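Engineer: Mind folding the following:
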Amino acid sequence: MTEQPPDIPQNVLVIDCPEAIAIAESLDPPPMILSITFRQLSKPLLALSAPDCIALPLFCAGFDAVQAIELLTALGYSGRICAFAPDLPQPDLVAAELTALAGGHPVSVITPGSSRHQRSR
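Structural biologist: Down below sits the predicted model:
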């Protein structure tokens, strides 16, 4: 079995974020993708899917990234999170705030206008 580079996720859990699916499918090699609704998020589902990256919207009708990160933290998730957002004036500040909320676990903010992921350091 060939190992993937550390920046390419192998298992992506997408939570109510269809725009993340197209981006994940474009990775080489493409990761396994599981798409769920926020209401389906649970500890057994995290254990079963074993995601090394979770993609979610910064905000949507049913929840926002803060609520999702709080739940993910309570469920014991400590991996990467990618928050998809509209164009923002300072996505790096949003990434830093979300990373702090996630207990220092990396959160990237991905916007349509950015050529790279805004990741907190």
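Engineer: How far away from the center of its chain is stretch 87-97?
Structural biologist: Distance of stretch 87-97 from its chain centroid, counting by Cα atoms, centre = their mean, to the nearest Å, is 15 Å.
Engineer: Looking at that stretch now, give me its mean pLDDT.
Structural biologist: Over the span of stretch 87-97, the pLDDT mean works out to 94.
Engineer: Equivalent analysis for stretch 68-82, please.
Structural biologist: Stretch 68-82 comes out with an average pLDDT of 95.
Engineer: got the CA coordinates for it in CSV?
Structural biologist: What follows is stretch 68-82, C-alpha atoms only, in CSV (Å, rounded to 0.1, in the frame of the first residue of the first chain):
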residue,chain,number,x,y,z
ALA,A,68,-20.0,22.0,15.0
ILE,A,69,-16.5,22.5,16.5
GLU,A,70,-18.0,22.5,20.0
LEU,A,71,-19.8,19.2,19.3
LEU,A,72,-16.8,17.7,17.6
THR,A,73,-14.6,18.5,20.6
ALA,A,74,-17.2,17.0,23.0
LEU,A,75,-17.2,13.9,20.8
GLY,A,76,-13.4,13.6,21.1
TYR,A,77,-12.5,14.6,17.6
SER,A,78,-9.0,16.1,17.4
GLY,A,79,-8.1,16.1,13.7
ARG,A,80,-8.2,18.7,10.9
ILE,A,81,-11.2,20.8,10.2
CYS,A,82,-11.9,22.7,7.0
